[in-house]
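In: Structure, please.
(2 chains)
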Amino acid sequence: MSRRLAIVLLFAPAAAAADDTAAPGQDSATTATAETGNPSAPADMNDQAISATLGVAFGGRTTPGGLAVAGHYFYQLSDHDWFDGSAQFVFGSGGAECFRDRMNDTICDHGLADGYAGGVGAGVRRFLPALASGDFWPFARAGLAAAVVRFPDDETTGITLDAQLGAGMRVAVSEAIAITAQFDFVLGLGRFSNGVGGEPQLGVMVTAGAEFRL
Amino acid sequence: MRLAILATLALGLAACQSSDVSRELGARCDNSNDCDVRCLSGADWPGGFCTIACETDVDCQADASCLEEEGGVCAFTCVSDAGCQFLGQGYTCKERDARGGAGKRMVCRGG
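Out: Numbering: from 1, shown residues only, chains lettered A, B, ... in the order given. This next block holds a predicted model:
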């Protein structure tokens, strides 16, 4: 119970704009459908769900890119909003791309799909009922993510803190399973070793996955 | 809100900054591990100078020429000393033999 309360308090500002409020754990989306015929979220969306996603991340310079793999845990905060906790990994490639410029500053010029990253994220997914059509439910997502980033050939490691803003579509394919497609902008800051220092993070992620209600 | 937009723009611009030099040509170096191919050092190349091997100018990037030195290496072309300032102290614009008897080239180097 205390864990639920903590999650609600943490994301209260995002959830406050929801028109209707429901106690966490209630299947309010289904309730809304039954009572008003105007659902706030997909009827099959339970108060808890998990998902696995696969896609591509595009980075550059010191922002990692490559194959993006993530696992998500969703927990209902209000009629529209679900807490979205995630573990995210990026597997890229690329050789050494860091060098010292003539001012003796270290610069990294990695490509779109270089580097490795692993981290965790927390955010809110909000369904957009006004744009929903049948089983197709668009959503917006905002969150923060912290990650450890590694460019092995440059022997450079960093810690990043990113804001992730995105949107996607969720489509139910059965009572318990839905598929999702999502696009996220990533914007943040990182601190790197090997003389690279502070660096901005700027990238995009395109992912798709399967979601399972709990 | 305005501050957030400005911060976003600043981050975006910072992320798009580029350098005049690269691991391939012009970066500072102590040894070849600092470069894509090789590091030239000594008084002729103050601070170290990353370069690549070449046989003709075509092997070098557009703003560089292939010199008859060190078995053929690329160096930035120039028309005056001012064009070499971006490489830092010790670099001036000098005339050197092009690789393969292809005449003379004006390039940035020390020495």
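
In: which one is the most far-flung residue of chain A relative to its centre nearest to, not counting chain neighbours?
Out: Distance from the centre of chain A peaks at residue A:102, with 38.3 Å (CA atoms, centre = their mean). Leaving out its chain neighbours, the residue that sits closest to residue A:102 by CB to CB, 6 or more residues apart in numbering or on different chains is residue B:88, at 4.5 Å. (C-beta placed from N, C-alpha, C; glycine too.)

In: what about residue 86, neighbour count?
Out: Since no chain was named, I'll use chain A. 19 (other CB atoms under 10 Å in any protein chain shown).

In: ah, I was thinking of chain B
Out: Neighbour tally, residue B:86, other CB under 10 Å: 16.

In: For residue B:108, see how far away it is.
Out: Applying CB to CB, to the nearest Å, the value for residue B:86 to residue B:108 is 9 Å.

In: What residues sit buried inside stretch A:161-168?
Out: If you call a residue buried by 16 or more other CB atoms under 10 Å in any protein chain shown, then stretch A:161-168 has these buried ones: A:162-164, A:166-168.

In: where does residue 52 fall, phi/psi-wise?
Out: Using chain A here. Dihedral angles of residue A:52 (phi, psi; degrees, to the nearest 10) stand at phi -120, psi 130.

In: Ignore what I typed, I meant residue A:196.
Out: Torsion angles, degrees, to the nearest 10, at residue A:196: phi -70, psi -40.

In: Residue A:143: which element?
Out: Using DSSP states H and E, residue A:143 sits in strand A:136-151.

In: what's the next secondary structure element after the lowest-mean-pLDDT helix or strand in chain B?
Out: Taking mean pLDDT, DSSP states H and E as the measure, the helix or strand of chain B with the lowest value is helix B:2-15, at a mean of 53. As assigned by DSSP H and E, the chain's next helix or strand after helix B:2-15 is strand B:38-40.

In: who's in contact with the next helix or strand after that next one?
Out: Next along the chain after strand B:38-40, taking DSSP H and E as the criterion, comes strand B:49-51. Strand B:49-51 is contacted from outside by A:99, B:21-29, B:34-41, B:73-75, B:87, B:109, using CB atoms under 8 Å, 6 or more residues apart in numbering or on different chains.

In: Which of these are buried, as a ChimeraX select command?
Out: Selecting just the buried residues from the contacts of strand B:49-51 in ChimeraX takes one command, with 16+ other CB under 10 Å as the test:
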select /A:99 /B:21,22,23,24,25,26,27,28,29,34,35,36,38,39,40,73,74,75,87,109
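
In: to the chain's geometric centre, what's the distance from stretch A:123-133?
Out: 15 Å (CA atoms, centre = their mean, to the nearest Å).

In: Tell me the pLDDT of the residue nearest to residue B:31 when sequence neighbours are not counted.
Out: Sequence neighbours aside, residue B:39 is the residue nearest to residue B:31 in space, at 5.5 Å (criterion: CB to CB, 6+ apart). Predicted confidence (pLDDT) for residue B:39: 97.

In: Tell me the bridge partners for residue B:39.
Out: residue B:50 (DSSP bridges).

In: need the contact list for it.
Out: B:29-32, B:48-51.

In: again, only using 6 Å
Out: Going by CB atoms under 6 Å, 6 or more residues apart in numbering or on different chains, residue B:39 touches B:29, B:31-32, B:48, B:50.

In: Could you pick out the buried ones from the residues you listed?
Out: B:29, B:48, B:50.

In: Can you name the residues bridging to the residue nearest the centre of chain B?
Out: Centroid-nearest residue in chain B: residue B:26, 2.7 Å away (criterion: CA atoms, centre = their mean). As for beta bridges, residue B:26 partners with residue B:22 under DSSP bridges.

In: what's the pLDDT at it?
Out: Here the pLDDT value assigned to residue B:26 is 96.
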